[in-house]
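> Show me how the following folds:
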Amino acid sequence: MGNAHYTITRNGEEIEAGYAVETVCEESGCTEQIDRGLGCLCGQTPGGDEYGCGGYFCGQHLHIGPSEDTGDLCARCYDAADNEEAPA
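Sure thing, here's the model as predicted:
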């Protein structure tokens, strides 16, 4: 699978992804131009995984994850992962 352009299924919908696919940050109200490459991905798996939603975000809205297992995360997924790792 090449990284420039491919398709994935996210939330039951097939979308184009890859660093050659231009888009806008998926944070509500943000208009920053980005691509759908792995560097803008929330989580580690295109389409979503147990920690990340699979959305694509600009550098302002994508945060370094709380562990190596999570990958970089959007604010909502970061908060959920951080709360999950907190002792009860």
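> The nearest residue to Glu22 once chain neighbours are set aside: how many residues sit nearby?
Take Glu22 and drop its neighbours on the chain: the residue closest to it by CB to CB, 6 or more residues apart in numbering is Asp35, 5.6 Å away. (Glycine included, C-beta is placed from N, CA and C.) By other CB atoms under 10 Å, 16 other residues sit near Asp35.
> again, but for Thr70
So Thr70, with other CB under 10 Å, has 24 neighbours.
> Let's see the pLDDT reported for it.
Listed pLDDT for Thr70 reads 92.
> Test my guess that it contacts Asp79.
No. When contacts are counted by CB atoms under 8 Å, Thr70 is not listed as touching Asp79 (11.8 Å).
> Check what pLDDT Asn3 gets.
pLDDT, Asn3: 82.
> what's around it, how many residues?
Neighbour tally, Asn3, other CB under 10 Å: 11.
> do the one 5 residues further on as well
Residue crowding around Ile8 was assessed by other CB under 10 Å; the count is 16.
> Please consider this matter closed, and thank you.
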